[in-house]
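A.B. asks: Sequence plus predicted model, see below.
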Amino acid sequence: MAALPPALSDTIVALSTPPGAGAIALVRLSGREAISLVAAAFTGKRLIDQPSHTLHFGTIRDEGRILDEVVVSLFRAPNSYTREDVVEISCHGSDYIVQQLLLLFTRRGARLAEAGEFTKRAFLNGSFDLAQAEAVADLIAADSQLSHQVAMQQMRGGFSRELKDLRARLVQFAALLELELDFGEEDVEFADRTGLLALLEEVRTLVRRLLRSFELGNVIKNGVTTVIAGRPNAGKSTLLNALLNEERAIVSSVAGTTRDMIEDEVSLDGIRFRFVDTAGLRDTTDVVESIGVERTLQRVKQAALVIYLFDLTETSPTELQAEIEVLNLPAATPVLSVGNKLDVASDDQLTVFRTRPDTVLIAASRGDGLDELRHLLLTQVRNEGLDRTGSSTIVTNLRHARSLDAAAQALDAVLAGLTAGTGTELLAADLRQALAALGEITGEISSDDLLTSIFTQFCIGK
């Protein structure tokens, strides 16, 4: 393994638990002098002589003054998170104590860690690849069952193994094409064009499948933006409050109460939904309300899913269809028609809509029909995502999706070149681009700017 650059071979220290008072805080050090720095301030067992993966109780002292009673955890290289010597100090969660510990160790030669520097060192030391490192940040940010599940699968290397397998299958043919270039004057072909064509089509299919999974992955990671639209007094704010199970939006019988968008999130069966209550859609001379209507029309076009809420007592099927068409939604945007106020609608009004399979009837103020609505929301998301990917691997990272798209385009170019009988030099160049794009995901090909961009998004101490 190559030696780390000087900036990453010194000893770093940081608070690895959230700042603020608490029962316990954890101060972490990593680097060549991590153990010796702590040992010099620790009163208890002689830390220099202790084996890896052991815990030790004692005190941390600064020139004889006791800063705190602590538990010290030792992890010796290479059997640690960073593959360097790592020491974790569990102290009382006082801001003052933490600051005194950080001052002590920086005064004696350690450096305050930058954001994500512990994980960056783990990547540079070969503990895991770049995709797995990014999954660490996703795991920390996971706030639903599915986002946790996907981040854990990627952190354990599932996505990386699939990518490395794809890349390995291309490398052999790329090497043969490069060999042909070395013997260009002799007009020989080492790479079987028929076999290469079959392999490229298979790999491209797999890359496209991973790329398609990003649509679902983005939903899992960032939530399903679900806009509640409809005419004034249809009950949009009441529905938002019912879905969130809290009084988030003001409810009034006065039409046009909601002038701006109100958003909040809730998790349904492990999938995070971001519900957006919007201004009622109608023609109005009120300047402020007109702005709200315009913003609603813009927001529905950006939604992953639209709930069009209508008043069962005032709307006919023909009117409902006309109102939805006014939204001018992209063809791919799913729309759920939701009829509200079934508790006050007449039997005739209910019968008209009960025969429509694409409409669910609710009474938002009483909670009637909300379970069916939640079920339809989940079914819509799963049908639009999980059933289309055909893979347990789900791409959640925009950087990964862009690299996969670049790889797919390069593979398209190679396939087109093979069909057209393009020369070996151009085929090899396109294939190198595909390999580079796949390599960027796992970090086999990376740059300092890329690493800085990724790890500065981490929290300090991780």
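C.D. replies: Great, that's in hand.
A.B. asks: CA atoms for contacts and neighbours, from now on please.
C.D. replies: Noted.
A.B. asks: counting contacts, what elements does the helix or strand containing Ala413 pack onto?
C.D. replies: With elements taken from DSSP states H and E, the one containing Ala413 is helix 398-420. Counting by 3 or more Cα pairs under 8 Å, 6 or more residues apart in numbering; DSSP states H and E, the packing neighbours recorded for helix 398-420 are helix 193-222, helix 424-442.
A.B. asks: Gln380 is nearest to which of the ones you listed?
C.D. replies: Nearest of the helices and strands packed on helix 398-420 to Gln380, taken as Cα to Cα: helix 193-222 at 11.6 Å.
A.B. asks: can you pull the buried residues of that closest one?
C.D. replies: For helix 193-222, the buried set under the neighbour-count rule, 16 or more other Cα atoms under 10 Å, comprises 196, 199-200, 203-204, 206-222.
A.B. asks: for stretch 402-417, same thing?
C.D. replies: Using 16+ other Cα under 10 Å as the test for burial, stretch 402-417 gives 403-415, 417.
A.B. asks: got a list of contacts for it?
C.D. replies: The contact list for stretch 402-417 (Cα atoms under 8 Å, 6 or more residues apart in numbering) reads 197, 200-201, 204, 207-208, 210-211, 423, 426-427, 430-431, 433-438, 440-441.
A.B. asks: Do a quick rundown of the strands in the chain.
C.D. replies: Secondary structure of the chain by DSSP state E: the strands cover 12-15, 22-30, 42-43, 54-62, 65-75, 86-93, 111-112, 224-230, 262-268, 271-277, 305-311, 335-340, 359-361.
A.B. asks: how distant is the last one from the center of its chain?
C.D. replies: What that stands for is strand 359-361. 32 Å (Cα atoms, centre = their mean, to the nearest Å).
A.B. asks: repeat for the fourth one
C.D. replies: Relative to the centre of its chain, strand 54-62 is centred 38 Å away, using Cα atoms, centre = their mean.
A.B. asks: Let me know whether Leu130 touches Thr442 as I believe.
C.D. replies: Yes - with contact defined as Cα atoms under 8 Å, Leu130 and Thr442 form a contacting pair (4.7 Å).
A.B. asks: Neighbour count for these two, which is higher?
C.D. replies: Neighbour count, other Cα atoms under 10 Å: between Leu130 and Thr442, Leu130 has more, with 27 against 23.
A.B. asks: Now do the buried residues in stretch 309-326.
C.D. replies: Those buried within stretch 309-326 under the rule 16+ other Cα under 10 Å are Leu309, Phe310, Asp311, Leu312, Thr313, Leu320, Glu323, Ile324.
A.B. asks: Show the average pLDDT along it.
C.D. replies: Along stretch 309-326, the predicted confidence averages to a pLDDT of 88.
A.B. asks: Let's see the distance spanning that stretch from one end to the other.
C.D. replies: Distances were taken as Cα to Cα, to the nearest Å; on that basis the terminal residues of stretch 309-326 are 14 Å apart.
A.B. asks: what's in contact with it?
C.D. replies: Judged by Cα under 8 Å, 6+ apart, the contacts made with stretch 309-326 from elsewhere in the structure are 228-231, 233-236, 308, 337-342, 344-346, 349-350, 352-353.
A.B. asks: cool, stretch 123-130 as well?
C.D. replies: Met1, Leu4, Tyr81, Thr82, Arg83, Ala122, Ala133, Ser160, Ile441, Thr442, Gly443, Glu444.
A.B. asks: Of the residues you listed, select the buried ones using a ChimeraX command.
C.D. replies: Once 16+ other Cα under 10 Å is used to decide burial, the buried members of the contacts of stretch 123-130 can be selected in ChimeraX as follows:
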select :81,82,83,122,133,160,441,442,443
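A.B. asks: out of the contacts of stretch 123-130, which are inside helices?
C.D. replies: Helix and strand membership here follows DSSP state H; of the contacts of stretch 123-130, those in helices are Ala122, Ala133, Ser160, Ile441, Thr442.
A.B. asks: export those residues to CSV and tack on distance to Phe75?
C.D. replies: Converted to CSV, the ones in helices among the contacts of stretch 123-130 look like this (distance: Cα to Cα, whole Å):
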residue, distance to Phe75
Ala122, 13
Ala133, 20
Ser160, 26
Ile441, 29
Thr442, 26
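A.B. asks: Dump those to TSV, plus pLDDT and distance to Thr106.
C.D. replies: Putting the ones in helices among the contacts of stretch 123-130 into TSV (pLDDT from 0 to 100; distance: Cα to Cα, whole Å) gives the following:
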residue	pLDDT	distance to Thr106
Ala122	93	22
Ala133	89	27
Ser160	87	37
Ile441	90	35
Thr442	88	33
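A.B. asks: Buried ones among the contacts of stretch 309-326?
C.D. replies: Neighbour counting with 16+ other Cα under 10 Å marks 228-231, 233-236, 308, 337-342, 345, 349-350, 353 as buried within these.
A.B. asks: Would you mind giving the domain segments of the protein?
C.D. replies: 6-129, 130-443 (automatic domain parsing).
A.B. asks: Now do the last one: distance from first to last residue.
C.D. replies: Taking Cα to Cα, the first and last residues of domain 130-443 lie 5 Å apart.
A.B. asks: check contacts around Ala25.
C.D. replies: Listed by Cα under 8 Å, 6+ apart, the contact set of Ala25 reads Leu15, Ser16, Thr17, Pro18, Ser90, Cys91, His92, Gly93, Ser94, Val98.
A.B. asks: State the distance from the fourth one to Gly461.
C.D. replies: In this view, Pro18 and Gly461 are 9 Å apart by Cα to Cα.
A.B. asks: Run through who's touching stretch 103-110.
C.D. replies: Counting contacts by Cα under 8 Å, 6+ apart, the residues touching stretch 103-110 from outside are Asp10, Thr11, Ile12, Val13, Leu37, Val38, Asp62, Leu112.
A.B. asks: which parts of it are buried?
C.D. replies: Burial within stretch 103-110, assessed by neighbour count using 16+ other Cα under 10 Å, is assigned to Leu104, Phe105, Thr106, Ala110.
A.B. asks: Among these, which one lies nearest to Glu33?
C.D. replies: Each of those was scored against Glu33 by Cα to Cα, and Ala110 proved nearest at 8.1 Å.
A.B. asks: distance of the closest one from Thr17?
C.D. replies: Distance of Ala110 to Thr17, given as Cα to Cα: 19 Å.
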